[in-house]
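Peer 1: pasting the sequence and the predicted coordinates here, then a few questions.
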Amino acid sequence: MTAVTEAPAATAGQQLTFAKALTTALADAMEADPRVVVFGEDVGPLGGVFRITDGLTRRFGEERCFDTPLAESGIVGMAVGMAMNGMKPVVEMQFDAFAYPAFEQVVSHVAKMRNRTKGHVSLPMVIRIPYGGGIGGVEHHCDSSEAYYAHTPGLTVLAPATVADAYAMLREAIEYPDPVVFLEPKKLYWSKDTVELDALRAPGEPRIGRAVIAREGTDATLITYGPSMPTALAAADAAAAEGRSLQVVDLRSLVPFDDETVTAAVRSTGRAVVVAEASGFASVASEIVARVQERCFHSLAAPVRRVTGFDIPFPAPKLEKYHLPGVDRILDAVDDLQWED
Amino acid sequence: MTAVTEAPAATAGQQLTFAKALTTALADAMEADPRVVVFGEDVGPLGGVFRITDGLTRRFGEERCFDTPLAESGIVGMAVGMAMNGMKPVVEMQFDAFAYPAFEQVVSHVAKMRNRTKGHVSLPMVIRIPYGGGIGGVEHHCDSSEAYYAHTPGLTVLAPATVADAYAMLREAIEYPDPVVFLEPKKLYWSKDTVELDALRAPGEPRIGRAVIAREGTDATLITYGPSMPTALAAADAAAAEGRSLQVVDLRSLVPFDDETVTAAVRSTGRAVVVAEASGFASVASEIVARVQERCFHSLAAPVRRVTGFDIPFPAPKLEKYHLPGVDRILDAVDDLQWED
Amino acid sequence: MTSSVDAEVRGGDFLLPSAAPVQLIDQAGRLVPGSGDGGYLLPDGARLLEAYRQLVIGRRVNDQAGALVRQGRMAVYPSSHGQEACQVAAALCLGDEDWLFPTYRDTVAVIARGVEPVGVFELLRGSWHSGYDPYEHKVATQATPLATQLLHAVGVAHAAKLKGEDTVVLALCGDGATSEGDFHEALNFAAVFHVPAVFLVQNNEYAISVPLRHQSVAPSLAHKAVGYGMPGERVDGNDVAAVLAVLGHAVERARQGGGPSLVEAHTYRMQAHTNADDATRYRSDDEVKAWLARDPLSRMQAYLSGAGLLTPEEEASIAAAAEDMARVLRDGLNAEPRLDPTELFRHVYAEQTPQLREQEALLRDELSREEA
Amino acid sequence: MTSSVDAEVRGGDFLLPSAAPVQLIDQAGRLVPGSGDGGYLLPDGARLLEAYRQLVIGRRVNDQAGALVRQGRMAVYPSSHGQEACQVAAALCLGDEDWLFPTYRDTVAVIARGVEPVGVFELLRGSWHSGYDPYEHKVATQATPLATQLLHAVGVAHAAKLKGEDTVVLALCGDGATSEGDFHEALNFAAVFHVPAVFLVQNNEYAISVPLRHQSVAPSLAHKAVGYGMPGERVDGNDVAAVLAVLGHAVERARQGGGPSLVEAHTYRMQAHTNADDATRYRSDDEVKAWLARDPLSRMQAYLSGAGLLTPEEEASIAAAAEDMARVLRDGLNAEPRLDPTELFRHVYAEQTPQLREQEALLRDELSREEA
Ligand SMILES: Cc1ncc(C[n+]2csc(CCOP(=O)(O)OP(=O)(O)O)c2C)c(N)n1
Ligand SMILES: Cc1ncc(C[n+]2csc(CCOP(=O)(O)OP(=O)(O)O)c2C)c(N)n1
Ligand SMILES: [Mg+2]
Ligand SMILES: [Mg+2]
């Protein structure tokens, strides 16, 4: 027995990027279920502009992963029909703002089909959207569009922030009986973590509809998701250095919303800041503030604060740093939570 | 002098429907400014399915009010170009859900053009959208889509609720230097009021960005707009009968938002309920709750409550009454404002 | 002036539709000379008789629906009076495993395909958005957002092709809907993926009030097929024999792997857009009257009678069937629908969200207090 | 099989583009036989020389931009190397009062039209979304959301027509963009409103990685014109003389009230989609090399030299102009752009909202604390 020639034990953790976790999830889902098909713009031989579909056409053939003509309403509309007829389409919108041409299909059909037909027609499909800023993209390449989807009843809206969630939530989304808008924070694509893929592959607790406490803390709660999660964690680190203990809630699932976890978290600290990249007005962050004050009013020592993108079009690359919620801005908001009271 | 043969004095009030106020505003604007053009689906000889553009083609000719091919992205996109080239287009989307095909044009161009071009290109245009429920319309004809627009920086979003505002705000919107999404509550089209048109025609205080106190009250504040305004007033009437004095704030302008009026109103009563038809999740109502708790926290005797549409697709006609905020549901919410505290 | 660039056109004039719509039986009910030799064949007598039966039933459905609207039993009805030939042919040209994608105006097609008629009217009476199970007869929900359903049809066809089934999908839309971006995307996707789909445009000359000339200045709507690299054809939409022949041909080609095609049927909306519309605002009575002579029913009746295919007994049996249908509709719509408000929360997601559970509880509480 | 329905086609084959792209000068720089007789005329020598000058400058712009990206002075550059003939002709075929609607790839066209080049690069260096005043040279912002700008172009043209101005609008897009719904809606609106617009599709064979055959199976992209009732034409996009002639003709027709038309220029994207793209993943070197022989610059150089129109002095002066341009770009982009973060709040609305005032104050406060 020469141990050195052996492959690492299957259960050992492995370093994966967020992007690779997604690719692996797609491949595993396609392997597990022949009904899963992947399509969109440039997802075939190129593997997508972010390479999330890299290798899928080679491995599964052109019928399982293919390029479409350049038309997003077409992509989503065709997916609706394919889902109606026994497939599980996973489509990619190339960038957040380029999903807008599909908006009517998403709002008037994807979201409503089950309801319109009293449950006769369900649409098991996933719309993957690389979203948000922080990558120096030019205009139309950095929108945070989650509010549009989260406001639309009938959609399930997910925004993973960790490598493990990227894998597990995409698998769960593909197996979900209802349409999922799967928001992939572009700036986390190259983030890395060590995960145990085999454990993730095994059936586990659902993550859709379940927030997690990403960091324990006692003084105030940061509620966040997707691209802002690492920023919130960094803010909690910085606050710890100053002697303040911040709890971080990673929502993961915007719809359904995990009121239970969020409410318990805020009640435990009595103070909360919501952190999200999107412009704040009528946003998911607004909703979180509204829910928290509705449910935790008597536990709150201070108003719930928001740290969000400004109410401006997403800035050009050299200016985005002023727009995006950063550690300092989060800490300022925390400082503002009327500690003197 | 035989008084009976005289026409009523020009300044005398006159009974007008909401719809007719809008038609009059369009005609007056076209009369006043040759750059104003009106177009959309069926707005020509038919006068629009709600007859808001009735008579405009006859009076101003086909070049000033005309039908387009049936394509909403086309309508809005062409309006962008016409606004760039010296016109003031006023376009009609036939129903709320039929504005979705234009979503990319609205979000990626209409909202952003001034910003993208550092102010070189402004888009003085109005997108009129008959919106909301309460008229027994079938699916896709009753959406409350204001959150999609209000969340999008660069848009000005208005929702008049009175006949006078219908006239004055549409005139103001047409004269505004920036694009306006003008939401017309369908169910108020046939509501009537006595207004002094000549007074409204004279230059007056701006209404964009200005909320009004629609009814004075001291115990709690109802914050509302558009189709829910009359419902809120009715609730205040009913509450008065039970000895509770409710103040009603009519926002009128969702963006810009009148924080000053809203904040002062809520501080004066210490209790607030937000009333709006749209599904509540990540909505304009959420925003109002968030802002009010941020700004009035220490004046609040109870959490700010919301009475909104449920988080479901808009129901079929025979079921809409269960979905829409009604007087009883508003009064229940008011009852919930922890009066015992 | 020609070039060596290797970009010679790959298709050609064969894609162009005929200069005039295909017609097999003229408006007086006479066989069009030469309609047998080559090209489209006249369907056999039994098929024409079945088509005629459905035409009569369809007309009766339109009439009865109009009456039910006037009596307040239904909120709105977009009549297909005048377009029955297109709709009947659309239903009859498909096999059981094929799919039909209708619009709000295609009630007659949906019923002719066998969908339980009272269920079909749930949408228009306002009790739910769609009142039938699309899988039962492979009929999609009647689409309102214009042209959007064409893409769903392409998806169903694409899935069928990938699964190796020989399903054909027939998707319907109006002349106005051809202006929408989704029309373009659907036809292009269908052509590029070479799916078994047939697109039938019922060109009834109007999109609500907007006449065709404000919608398109193309030589014909069928000419749009050229831009997608698929065949286009034009047919007299009031000649059920011709529509059956042309659609039958298109469906067969699709089934054999010949790819999608576009058929434009020339017809006319004899009534207002819906009962809520006032057609006198935008078109003259004379224009409407001129189309009376082209009625799809009387033409078939004349032809079938002349050919000895329609006996008085047969005629009576058809009339009885139409009356049966009318009675079913009347009975169904006169009965109040059973409404359960809490059903509003039941079909939004497979598994109800905590938010919807709370909201349902709120409504239940209200309802129980009302009852009390 | 023809019918009496009064629906005879109103247009006809005259709408069909030629079977092969128009070419006036072949890839060896020889006049194509017969190019003078009828049809498109060869532009005169002075115009061809000006075009050649712009081709050389355009190629230099592409090269310099590529270098600036490699040096980190610019974030991204979608090169139009290989497509200079289309872009130069697009700029030269317009009068001062006409409008150009370019895409992200049409930097060479924008610069050839006279827009200050460093401003043009603000988008790509990341300092603002658009760095020039569109009204100054009547050049719209370079559009990223595909095909959306075509509708704006139609609107500008429509407004011009209503105002009685004889402006013509030239709108550009790529082969991939023709699949978008907005392409369809724009061409249809242009045709129905008969506006003075010309649509130029630069068919460079790819939409990022997706080859034309996955985009369309139409005989050609120019054939799409048929479906809108406008003329379509195909041109060798690497022959600047031909593109000038065809576009010139289309612009003149539009100016005379002849309505819109569609021109498909066959060309090739010689480099990757942008510097961020890896073209080896989806196409072979051989395919790219084959297009080297069709280079738009060398062909014109050969023709002009052969015709005695390009002297060595002239050649040198053109080279110097190109170097001047390159220097302007280098100098402009090597200087750090002046950035004012509070400008983020200044152009959202004409009048700042109270909300933006608060948000600007917050940022100002942060910035002042940083400075302190
Ligand atoms: C996307 C969209 N825009 C607008 C409407 C409103 N609308 C309903 S029917 C109609 C006219 C449709 O005309 P056409 O396609 O010719 O069909 P027809 O009604 O004549 O059968 C319009 C504009 C709609 N249903 N969907
Ligand atoms: C609406 C929209 N969808 C997707 C994209 C992303 N995208 C940018 S360029 C491109 C390919 C465009 O191809 P083509 O139209 O042929 O133009 P080319 O780049 O070849 O000049 C894509 C898919 C976009 N910009 N806009
Ligand atoms: Mg029609
Ligand atoms: Mg291309």
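Peer 2: Okay, I see it. Source: prediction; values computed, not measured. Ligands and ions are numbered 1, 2, ... in the order given.

Peer 1: how about the residues of the stretch 201-341 of chain A by chain D?
Peer 2: With C-beta under 8 Å from any C-beta of the partner chain as the criterion, the stretch 201-341 of chain A comes near chain D at residues A:281, A:310-313, A:315-319, A:322-323, A:328-329, A:332. Glycine gets a C-beta too; all of them are placed from N, C-alpha and C.

Peer 1: where in the chain is pLDDT low?
Peer 2: Defaulting to chain A. A:1-11, A:340-341 (pLDDT under 70).

Peer 1: look at chain C instead
Peer 2: For chain C, the ranges with pLDDT under 70 are C:1-14, C:36-38.

Peer 1: could you confirm residue A:276 falls within a strand?
Peer 2: Yes - counting by DSSP: H, G, I helix; E, B strand; the rest coil, residue A:276 is part of a strand.

Peer 1: quick one, domains of the chain?
Peer 2: Chain wasn't specified; assuming chain A. A:14-201, A:212-335 (automatic domain parsing).

Peer 1: wrong one, I was asking about chain C
Peer 2: With domains defined by automatic domain parsing, chain C comprises C:5-339, C:341-372.

Peer 1: would you turn these into a markdown table with distance to chain A?
Peer 2: Converted to a markdown table, these look like this (distance: least, C-beta to the nearest C-beta, whole Å):
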| stretch | distance to chain A |
| --- | --- |
| domain C:5-339 | 2 |
| domain C:341-372 | 4 |
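
Peer 1: tell me which residues are up against the longest helix seen in chain A.
Peer 2: If you go by DSSP state H, chain A has its longest helix at helix A:18-32. Here helix A:18-32 makes contact (C-beta atoms under 8 Å, 6 or more residues apart in numbering or on different chains) with A:16, A:36-38, A:50-56, A:59-60, A:64-65, A:90, A:128, A:162-164, A:166-168, A:170-171, A:174-175, A:184-185, A:188-193, A:195, A:197, A:201.

Peer 1: coming back round to it: closest one of the residues of the stretch 201-341 of chain A next to chain D to chain D?
Peer 2: Ranked by distance to chain D (C-beta to the nearest C-beta), these are led by residue A:317 at 3.2 Å.

Peer 1: what about the closest one, distance to residue D:62?
Peer 2: Distance check for residue A:317 against residue D:62: by C-beta to C-beta, to the nearest Å, it reads 21 Å.

Peer 1: so which other helices or strands are in contact with whichever strand or helix holds residue C:66?
Peer 2: Assigned by DSSP states H and E, residue C:66 belongs to helix C:45-70. On a contact count with 3 or more C-beta pairs under 8 Å, 6 or more residues apart in numbering or on different chains; DSSP states H and E, helix C:45-70 meets helix C:84-92, helix C:107-112, helix C:240-255, helix C:296-306, helix C:312-334.

Peer 1: what comes up buried for it?
Peer 2: The neighbour-count check on helix C:45-70 (16 or more other C-beta atoms under 10 Å in any protein chain shown) flags C:47-62, C:64-69 as buried.

Peer 1: number of nearby residues for residue A:156?
Peer 2: If you count neighbours by other C-beta atoms under 10 Å in any protein chain shown, residue A:156 ends up with 26.

Peer 1: can you tell me the residue of chain A closest to ligand 4?
Peer 2: residue A:70 (9.0 Å; C-beta to the ion).

Peer 1: tell me how many other residues crowd the residue in the stretch 151-300 of chain C that ligand 3 sits nearest to.
Peer 2: Here the stretch 151-300 of chain C gets closest to ligand 3 at one residue, residue C:174, 3.6 Å apart by C-beta to the ion. Burial of residue C:174, expressed as a neighbour count using other C-beta under 10 Å, amounts to 26.

Peer 1: can you give me the helices for the stretch 101-250 of chain C?
Peer 2: For the stretch 101-250 of chain C, the helices defined by DSSP state H, counting those that start in this stretch cover C:107-112, C:117-120, C:122-125, C:134-137, C:148-163, C:181-192, C:240-255.

Peer 1: could those go into JSON lines alongside mean neighbour count?
Peer 2: Formatted as JSON lines, these follow (neighbours: other C-beta atoms under 10 Å in any protein chain shown):
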{"stretch": "helix C:107-112", "mean neighbour count": "27"}
{"stretch": "helix C:117-120", "mean neighbour count": "20"}
{"stretch": "helix C:122-125", "mean neighbour count": "24"}
{"stretch": "helix C:134-137", "mean neighbour count": "16"}
{"stretch": "helix C:148-163", "mean neighbour count": "27"}
{"stretch": "helix C:181-192", "mean neighbour count": "30"}
{"stretch": "helix C:240-255", "mean neighbour count": "24"}
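
Peer 1: so for ligand 1, which of those helices sits nearest?
Peer 2: Nearest to ligand 1, of all those, is helix C:148-163, at 7.1 Å by C-beta to the nearest ligand atom.

Peer 1: how much does that closest one deviate in direction from helix C:240-255?
Peer 2: 40 degrees (axes from the mean of the first three to the mean of the last three C-alpha atoms, to 10 degrees).

Peer 1: now check helix C:148-163, is it near ligand 1?
Peer 2: No - between helix C:148-163 and ligand 1, judged by C-beta under 6 Å from any ligand atom, nothing touches; the nearest distance is 7.1 Å.

Peer 1: report all helices and strands that that helix contacts.
Peer 2: helix A:72-84, strand C:99-101, strand C:169-174, helix C:181-192, strand C:197-203.

Peer 1: save the ones you listed as CSV, and put in distance to residue D:363 too.
Peer 2: Output for the helices and strands packed on helix C:148-163, formatted as CSV (distance: least, C-beta to C-beta, whole Å):
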stretch, distance to residue D:363
helix A:72-84, 34
strand C:99-101, 52
strand C:169-174, 50
helix C:181-192, 39
strand C:197-203, 53
